[in-house]
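>>> requesting a structural model of the entry that follows:
(one chain, ligands or ions: 2)
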Amino acid sequence: MTRDDLRAVLADIGVADKQLRMRVSQIWSWLYAHGVREFDQMTNIAKELRDKLAAAYTLERLDMAEAHLSADGTRKYLFRLADGQLVETVYIPEMGRGTLCVSSQVGCTLTCRFCHTGTQKLVRNLSAAEITGQMVAARDDLDDWGQNEQSNSGTRKVTNVVMMGMGEPLYNSNNVAAALNVMSDGDGLSLSKRRITLSTSGVVPEIADMGEKTGVMLAISLHAVTDELRDELVPLNKKYPIEDLLAACRNWPGLSNAKRITFEYVMLKGVNDSDADARALVKLLAGIPAKINLIPFNPWPGAPYECSDAARMQTFADIVNRAGYASPVRRPRGRDIMAACGQLKSASVKQSAAEKKKAELATRNLGR
Ligand code: SAH
Ligand code: SF4
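Numbering: from 1, shown residues only. Ligands and ions are numbered 1, 2, ... in the order given. All right, here's what the predicted structure looks like:
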């Protein structure tokens, strides 16, 4: 719930006007700073009000159907939503920080050719509660509540959030914006806006609005320097070509050297990884305060691409480096549990295919 939702709920169950402000801030803190799981733990709230809340509302978490731990410490969670749909969230621990990669949709309506999520048909938008709920559930699992005043200080486990999981966040703008504003509320989950990054494949008309509503950091999935190639890799480019996309970037609210845009570029062998591509990339971004993030392509079953060779990526990175962008190659995390960039795809579709096969086999055997 947002603060406005909470206020409406409390007014609705009879909290007096003059008490509303105080009750909202008390309950807000229990929910998002302390992560309580029972209304009875809200010790500064009268028993009568706690009972009323418990009768009408729940503090239930997303149902964690599976959790996988990678050899490198990355965790992948599979959550089962109330309607049975499945969605994935990934936690990536690093020195001095921990990043939670959050999903915005079940599947994705877009079909970027290098992305596993793009092959998943099933799709619906996640509610704001389901988006924030991923962070709440991760804090439970990581025992990361309490000590709110120390958030972002190094003792917190989830210090950063990236909207880089399943789905295109700008096709679910309202819910994503509401969730990000809950996450960045200083009296609650308390993540700094500087530590929240939203990645988009380039839904141009939604970009500025999201910046204004949330003040978070922006990442753009660029991946190609010509419209011809980007049309193929990121088909949304046919609707919003590179020129329009970069114009939207130049207008990003608050854009400055302190608030640079990250450009993501997946390294595909023989497709977009030549020296000429690297030079064209830095030329294209000239004048935009930017970081460049080279992502080694992460393979998935049936993928039509391969990852560029290490030496090729290094040469590409050197060109980008010489143009003034520091250490741009992203280290793949959680590949062994299919948790790396572009590998997410919830089991729902796969399972039903497997089940179909099993059922088919069973009928065939019966026939014999
Ligand atoms: N839908 C949003 C958010 C996903 S972010 C977007 O596309 O921006 C995930 C990032 O990983 C994106 O930059 C995406 O293009 C990239 N990606 C997708 N598939 C990948 C793969 N197989 N290997 C490496 N990166 C991939
Ligand atoms: Fe969707 Fe992003 Fe994957 Fe493209 S890269 S299919 S926009 S999740």
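>>> going forward, measure contacts between C-alpha atoms and count neighbours the same way
Fine.
>>> which sections of the chain are below the confidence cut-off?
With pLDDT under 70 as the threshold, the chain has low-confidence stretches at 147-154, 327, 347-368.
>>> how about the helices in it?
Assigned helices in the chain, in chain order: 3-12, 17-28, 47-56, 128-141, 173-183, 204-214, 227-233, 242-250, 275-284, 310-322, 347-367 (criterion: DSSP state H).
>>> among those helices, which comes closest to residue 64?
Nearest to residue 64 among the helices of the chain is helix 128-141 (8.0 Å), distances taken as C-alpha to C-alpha.
>>> near ligand 1 at all, the closest one?
No: with C-alpha under 6 Å from any ligand atom as the criterion, ligand 1 is not reached by helix 128-141; the gap is at least 13.6 Å.
>>> how about the residues of the chain by ligand 2?
Neighbours of ligand 2 within the chain, by C-alpha under 6 Å from any ligand atom: 108, 110-112, 115, 117-118, 166-168, 201.
>>> and with 5 Å instead?
Taking C-alpha under 5 Å from any ligand atom as the contact definition, the chain meets ligand 2 at 108, 110-112, 115, 118, 167-168, 201.
>>> which one (most neighbours) among these?
Using other C-alpha atoms under 10 Å as the neighbour definition, these reach their maximum at residue 167, which records 28 neighbours.
>>> and the gap between residue 225 and ligand 1?
Separation of residue 225 from ligand 1 (C-alpha to the nearest ligand atom, to the nearest Å) stands at 14 Å.
>>> quick one: that residue and residue 282 touch, right?
No: counting by C-alpha atoms under 8 Å, residue 282 is not a contact partner of residue 225; they are 9.5 Å apart.
>>> from the stretch 201-350 of the chain, which residue is nearest to ligand 1?
In the stretch 201-350 of the chain, the residue that lies nearest ligand 1 is residue 342 (3.0 Å; C-alpha to the nearest ligand atom).
>>> distance of the residue nearest to that residue when sequence neighbours are not counted from ligand 1?
Nearest residue to residue 342, sequence neighbours excluded (C-alpha to C-alpha, 6 or more residues apart in numbering): residue 115, at 4.8 Å. For residue 115, the distance to ligand 1 equals 3 Å [C-alpha to the nearest ligand atom].
>>> residues near the nearest residue to residue 133 once chain neighbours are set aside, how many?
Taking C-alpha to C-alpha, 6+ apart, and ignoring the residues beside it in sequence, residue 133 has residue 62 as its nearest neighbour in space, at 6.3 Å. Counted with other C-alpha under 10 Å, the burial measure for residue 62 works out to 21 neighbours.
>>> I'd say residue 62 and residue 138 touch.
No: the pair residue 62 and residue 138 fails to qualify as a contact (C-alpha under 8 Å) at a distance of 9.9 Å.
>>> count the residues that sit near residue 10.
When counting by other C-alpha under 10 Å, one arrives at 22 neighbours for residue 10.
>>> residues in contact with the nearest residue to it once chain neighbours are set aside?
Counting by C-alpha to C-alpha, 6+ apart, residue 10 lies nearest to residue 20, which is 7.1 Å off, once chain neighbours are set aside. Counting by C-alpha atoms under 8 Å, 6 or more residues apart in numbering, residue 20 touches 7, 10-11.
>>> let's see 10 Å
Residue 20 makes contacts with 6-8, 10-11, 14, 26, as judged by C-alpha atoms under 10 Å, 6 or more residues apart in numbering.
>>> could you list the domains of this protein?
The chain is divided into the following domains under automatic domain parsing: 3-56, 63-352.
>>> so of those domains, which one's packed in deepest?
A comparison of the domains of the chain by mean neighbour count, using mean count of other C-alpha atoms under 10 Å, puts domain 63-352 on top with a mean of 19.
>>> centre of the chain versus it, how much separation?
6 Å (C-alpha atoms, centre = their mean, to the nearest Å).
>>> isn't residue 330 up against residue 295?
Yes: the pair residue 330 and residue 295 passes the contact test of C-alpha atoms under 10 Å, sitting 5.2 Å apart.
>>> overlap in contacts of these two?
Common contacts of residue 330 and residue 295, defined by C-alpha under 10 Å, 6+ apart, comprise 264-266.
>>> and the stretch 51-200 of the chain, which of its residues are near ligand 1?
Counting by C-alpha under 5 Å from any ligand atom, the residues of the stretch 51-200 of the chain lying close to ligand 1 are 115, 164, 167-168, 199-200.
>>> go again with 6 Å.
The stretch 51-200 of the chain has residues 114-115, 164-165, 167-168, 199-200 near ligand 1, with proximity defined as C-alpha under 6 Å from any ligand atom.
>>> of those, which is the nearest to residue 215?
Distances from residue 215 to those, taken as C-alpha to C-alpha, are shortest for residue 199 (13.5 Å).
>>> the shared contacts of residue 330 and residue 295 in strands, which ones?
Taking DSSP state E, the ones among the shared contacts of residue 330 and residue 295 that sit in strands are 264-266.
>>> could you list which of these also contact ligand 1?
Under the cut-off given by C-alpha under 6 Å from any ligand atom, ligand 1 has 264, 266 from those close to it.
>>> thank you kindly, that will do.
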